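Engineer: generate coordinates for the sequence data below:
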Amino acid sequence: MFSDLCLKVFNHSISDYHIKNNVAENPSNPFNKQKIEYLLYQKNWIDTVQWHLEDLIRDPKINPEEALKLKRTIDASNQKRTDLVEYIDSYFLETYKHVKINDDATFNSESPAWAIDRLSILALKIFHMKEETVRDDATQKHQDNCKDKLETLNQQCKDLCTAIDQLLNDIELGNKYMLIYKQMKMYNDEDLNPVLYKSKK
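Structural biologist: Here you go, the predicted model:
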């Protein structure tokens with residue numbers, strides 16, 4: 001199942017990141033650039049870095065200048081994340097381009113890659129929730145609460161994996177077809193963000 005491959009790659013990426021646990025560390029992607037695993041690894045690495053950037057920016061004692069720098073780093077990361085999702089969807093478009101679409105075929109509002117994006121984030125939630133269940137400086141109540149949350153996250157993961165695999169199977173059989181809607185992010189675009197284009201005048 002494709003979802004199994006995704007989780008395997010995502011967990012590989014998360015494990016690799018936490019060797020040094022440094023947001024400035026560049027990924028050493030172990031997969032062939034021509035394979036979908038390469039894109040999945042890159043995607044999750046960006047998510048993992050951004051997870052920790054979001055932690056850092058919430059430090060109540062953070063220097064305002066440092067917070068602004070982190071915010072801009074997060075914005076750039078969001079753009080890279082969106083680009084990679086669209087690359088992954090392009091892979092699926094290429095994979096299924098010869099499928100004959102059935103007359104009664106329907107489509108999902110969420111493309112396969114955006115569902116996989118949610119799975120990447122879910123893998124991160126599970127990893128960090130597991131850490132909370134064994135945190136030495138946490139109370140037993142905290143650990144028990146996190147165990148309950150972890151159980152819920154694992155069920156969500158199972159359900160999402162099933163949904164992703166069903167969607168891909170339906171696309172392969174021609175029961176569903178893909179529509180990709182570009183995200184059209186505006187805040188990073190000098191021609192679309194009014195603050196940016198007014199500052200150029």
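
Engineer: quick one: distance of stretch 91-99 to the chain centre.
Structural biologist: Put simply, stretch 91-99 sits 22 Å off its chain's centre (Cα atoms, centre = their mean, to the nearest Å).

Engineer: what does it contact?
Structural biologist: Ile36, Leu39, Ser111, Pro112, Ala113, Leu168, Ile171, Glu172, Leu173, Gly174, Met178, Ile180 (Cβ atoms under 8 Å, 6 or more residues apart in numbering). C-beta coordinates here come from the backbone N, C-alpha and C atoms, glycine included.

Engineer: let's see that with 6 Å instead.
Structural biologist: Ile36, Pro112, Ile171, Gly174 (Cβ atoms under 6 Å, 6 or more residues apart in numbering).

Engineer: for stretch 149-162, same thing?
Structural biologist: Here stretch 149-162 has contacts from Ser3, Leu119, Leu122, Lys125, Ile126, Met129, using Cβ under 6 Å, 6+ apart.

Engineer: ok, the last one - contacts?
Structural biologist: Applying Cβ under 6 Å, 6+ apart, we find Met129 in contact with Cys146, Lys149, Leu150, Leu153.

Engineer: same check on the fourth one?
Structural biologist: When contacts are counted by Cβ under 6 Å, 6+ apart, Lys125 is found next to Leu153.

Engineer: circling back: narrow the contacts of stretch 149-162 to those in helices?
Structural biologist: Ser3, Leu119, Leu122, Lys125, Ile126, Met129 (DSSP state H).

Engineer: so which of those residues is the closest to Ile164?
Structural biologist: Each of the ones in helices among the contacts of stretch 149-162 was scored against Ile164 by Cβ to Cβ, and Ser3 proved nearest at 4.7 Å.
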